[in-house]
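In: okay, here's the prediction I keep looking at, along with the sequence it came from:
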Amino acid sequence: MLSQDPQSHGLEKATRSRQADPGTAAYSRTPALRGAAGSGEFQSRGAGTVAEAGAMKLHCEVEVVSRHLPALGLRNRGKAVRAVLSLCQQTPRSQPRPRAGGERGGGHSACLLICTLKDKRGTRYELKENIEHFFTKFVDEGKATVRLKEPPVDICLCKANSSSLKGFLSAMRMAHRGCDVEASLSTLTPVKTSEFEKFKTKMFITSKKDYPLRKNFPYSLEHLQTSYCGLVRLDMRMLCLKNLRKLDLSHNHIKKLPATIGDLIHLQELNLSDNHLESFSVALCQSTLQKSLRSLDLSKNKIKALPVQFCQLQELRDLKLDDNELIRFPFKMGQLRNLRFLSAARNKLPFLPSEFKDLSLEYLDLFGNTFEQPKALPVIMLQTPLTLLESSARTILYNRIPYDSHIIPFHLCQDLDTAKTCVCGRFCLSCFIQGTTTMNLHSVAHTVVLVDNMGGTEAPIVSYFCSLACYVNSCDMLK
């Protein structure tokens, strides 16, 4: 049951002046349903306080925060619990006792009932002329807060389906105004345990016959695995799972990923191994995955190259690229500062990019690649004097002048994005010297899998030099 705090109503006015905006603060906590403060007339009323199975309902997580506690020097220490919220019709027998000054609401006014798995009878709150404010800034993320006048509590909702939440709040607003919402109300009847089974956070589907065709995925899913299901493209219903953190689509026949997968703002782990992917799109690299994605498995596909924008996935820690057709790494690989696990065995890599030496890995596996022997002579592509394009590009990059396709042509943006970095730290576009040396992989990784059957741990690495002076100085240092 929701516990009640029998504090004096005289604290209410002083308390309200100290409250922060719960539309933001409520979500910084990890939400079990805390006790609602208020007068004793809002205590749960035994078997009479139950939810009606056909009433308008919302499945979400709820935390009820008392606004009296801060004034008493106390803190809410709970976290949200799964609950079923119902808009129900109060019958004369189930209505609360009148307060001093008269009863709020009529004989058949709507009430809000919050039921949890431990308290299926629930706690009821009046709605008519009893809602002080709605906080809906994050309603599109399935979050909202409803501030009641009596008892003085904030009802914080999260992990709700955004469209269902909007409809439910709209009905609550009508009930607050005393409008007729009879179509969505009915008498109070018990909540069943099966109601709480909709709060699944994990689902594992490993055969085609178990794949849901007519039924939606539970909106509360945080971990979804659909392997060996014969999928040839991403099921768009998955994009509605806004709480998804782990998505496993391995062992299917997916050829292309939609850019909208980047709308899964909480996605941390993505497994796409053993599919038919031929690329990883630039749009995905520039989506919200930049800030959320930590683990990516692209092994056993047909990927030949990754875009340079792939290195914008700054939070990436684990990357698996085994058994593809990779002929090169993104040459700005060193920008993946958080990368700790890299496996790219059995590909067609001839050499490593120069910025590879900037990585700091715990584990590295490059076994079975077709590494070439370093060439004795460098490739010289110097021009004197520099072309206007080369000179301008070097100036823009060296001075970090911002650019995009709205300022300069798109093909020039691509040229700037793919500029080489000299060992001196400057940039070069098409005027450079290219040299190849060997690098011991233990210089970038603590644990290294042998690159061949001969026990080698060295691999060729390409270096670029913006001028003859840089090349000569580098050769002197190697000697």
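Out: Yep, that arrived.
In: can you find the helix or strand in the protein with the smallest mean pLDDT?
Out: Ranked by mean pLDDT, DSSP states H and E, the weakest helix or strand in the chain is strand 36-37, scoring a mean of 36.
In: with adjacent residues omitted, what lies nearest to the most centrally placed residue in the chain?
Out: Closest residue to the average C-alpha location of the chain: His266 at 1.0 Å, with C-alpha atoms, centre = their mean. Leaving aside its sequence neighbours, His266 sits nearest to Arg245 (C-beta to C-beta, 6 or more residues apart in numbering; 5.3 Å). Where you see a C-beta, it was placed from the backbone N, CA and C, and this is true even at glycine.
In: for the stretch 151-300 of the chain, which segments are assigned as helices?
Out: Using DSSP state H, counting those that start in this stretch, the helices found in the stretch 151-300 of the chain span residues 162-177, 282-285, 289-292.
In: neighbouring contacts of the last one?
Out: Helix 289-292 is touched from outside by Ile261, Gly262, Leu264, Ile265, His266, Leu267, Gln268, Leu270, Gln312, Leu313, Gln314, Glu315, with contacts defined as C-beta atoms under 8 Å, 6 or more residues apart in numbering.
In: the first one now?
Out: Helix 162-177 is contacted by residues 56, 58-60, 85, 87, 109-110, 112, 127-131, 134, 136, 139-142, 144, 146, 157, 160, 180-181, 184, 242 when judged by C-beta under 8 Å, 6+ apart.
In: in stretch 216-228, what's buried?
Out: Phe217, Pro218, Tyr219, Ser220, Leu221, Glu222, His223, Leu224, Gln225, Thr226, Ser227, Tyr228 (16 or more other C-beta atoms under 10 Å).
In: so the second one touches Lys200, yeah?
Out: What that stands for is Pro218. Yes. Applying C-beta atoms under 8 Å as the test, Pro218 and Lys200 come out as touching, 4.3 Å apart.
In: shared neighbours of the two, which are they?
Out: Contacts common to Pro218 and Lys200, judged by C-beta under 8 Å, 6+ apart, are absent.
In: show the contacting residues for Leu339.
Out: Leu316, Arg317, Asp318, Leu319, Leu359, Leu361.
In: tell me the one among those residues nearest to Lys256.
Out: Leu319 (20.0 Å; C-beta to C-beta).
In: which strand residues bridge the closest one?
Out: Leu296, Leu342 (DSSP bridges).
In: in CSV: the contacts of helix 289-292, plus pLDDT and distance to Val282.
Out: As requested, those are arranged in CSV below (pLDDT from 0 to 100; distance: C-beta to C-beta, whole Å):
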residue, pLDDT, distance to Val282
Ile261, 91, 13
Gly262, 87, 11
Leu264, 91, 18
Ile265, 89, 19
His266, 91, 22
Leu267, 95, 18
Gln268, 96, 21
Leu270, 96, 16
Gln312, 92, 9
Leu313, 94, 12
Gln314, 92, 16
Glu315, 95, 18
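In: among those, which ones are in strands?
Out: If you go by DSSP state E, those have Leu270 in strands.
In: in stretch 159-172, what's buried?
Out: Quick answer for stretch 159-172 (16+ other C-beta under 10 Å): Lys159, Ala160, Asn161, Ser162, Ser164, Leu165, Lys166, Phe168, Leu169, Ala171, Met172.
In: ignore what I typed, I meant stretch 400-409.
Out: Of the residues in stretch 400-409, none is buried (16+ other C-beta under 10 Å).
In: and what of stretch 419-435?
Out: Neighbour-count burial for stretch 419-435 [16+ other C-beta under 10 Å]: 419-423, 426-429, 431-435.
In: list of residues touching it?
Out: 331-332, 354-355, 375, 378-383, 386-387, 389-390, 393-394, 397-398, 415-416, 462-468, 470-471, 474.
In: remind me which residues of this structure are low pLDDT?
Out: For the chain, applying pLDDT under 70 flags the ranges 1-55, 70-78, 90-108, 181-191, 193-198, 476-479.
In: what are the bridge partners for the residue nearest to Cys466 when sequence neighbours are not counted, then?
Out: Nearest residue to Cys466, sequence neighbours excluded (C-beta to C-beta, 6+ apart): Cys422, at 3.9 Å. For Cys422, the beta-bridge partners are Tyr464 (DSSP bridges).
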